[in-house]
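Student: Provide a 3D model corresponding to the input given below.
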Amino acid sequence: MHYISFCRWNFSCTTKGAGKEYAFMKRNSIFLLAFVSLFAFSCQKESTTNTSSTTDTYGSSSTATTGITATNTGPTTTVALTSTAPLSAADKDFATKAAEGGMMEVELGQLAAAKATSNDVKDFGNRMVSDHGKAGEELKALAAQKGVTLPAQPGAEEKKTSNDLSMKNGTAFDKAYMSNMVKDHEQDAKEFENASKNVQDPDLKNWAAKTLTVIQDHLKMAKQVASKLK
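Tutor: Reported below is the predicted structural model:
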């Protein structure tokens, strides 16, 4: 009898103790789960912030690097060739003179964009920089693929023209520059027309013919701008 009562009491106590322990463990589990969730959310937010920061950092670095590369090396120009034969002496001579003349046009165009008082003259100068710069890159790439290294700077005659113009200012500069552009493009048009017919290398010949149309447009523009300055 006492044994049965004891067992009942013991069972009751054990059950109550187990209930309290279960409740305690349940509360701890809820607390632990909440803590883990908060920790996970915090880590995820930090990870997102770090990822965003890393992306911005590399984005800025990539942009800066690209800018530096473009400024230092210039755009890469690829020219499709129809012939891999070396250039003849006459073709090399034309390519060399064309390269020197093109560099002078770019140099004088930059000078005009900076010194000219007329907006028309400034615009013309910028056009020279753009068009002759592109043509020069194409010619350089074409020649390089045929094993020919073109000069990196204008010739002595071109440098003298540049020095003479750099000494002028105001409207005197505008008139002298545009007068030079008319004469220079008249001469270039004749030389490129001759090259488009007589150059032996087919790739150089095609380049000369394509550039001739650009030079002819420049000549028309130069005459129009020069006429406004009289």
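
Student: Need the three-state assignment for the closest residue to Gly170 other than its chain neighbours.
Tutor: Spatial nearest neighbour of Gly170, excluding adjacent residues (C-beta to C-beta, 6 or more residues apart in numbering): Thr117 at 5.6 Å. To be clear about C-beta, it is placed using only N, CA and C from the backbone, and glycine gets the same treatment. Look at Thr117: counting by DSSP: H, G, I helix; E, B strand; the rest coil, its state is coil.

Student: Lys197: which element?
Tutor: helix 170-198 (DSSP states H and E).

Student: so how far is Asp174 from the residue lying closest to Gly147 once chain neighbours are set aside?
Tutor: Of all residues not flanking Gly147 in the chain, Pro86 sits nearest, at 6.1 Å (C-beta to C-beta, 6+ apart). To Asp174, Pro86 is 44 Å away according to C-beta to C-beta, to the nearest Å.

Student: measure the residue nearest to Gly147 to Lys146 for me?
Tutor: 6 Å.

Student: Between those two, point out the one with more neighbours.
Tutor: Lys146 (19 against 11; other C-beta atoms under 10 Å).

Student: and the gap between the closest residue to the more buried one other than its chain neighbours and Lys197?
Tutor: Distances taken as C-beta to C-beta, 6+ apart place Leu87 nearest to Lys146, at 5.5 Å, with adjacent residues excluded. Applying C-beta to C-beta, the value for Leu87 to Lys197 is 17 Å.

Student: Those two: which has the busier surroundings?
Tutor: Of the pair Leu87 and Lys197, Leu87 is the one with more neighbours under other C-beta under 10 Å, namely 21 against 10.
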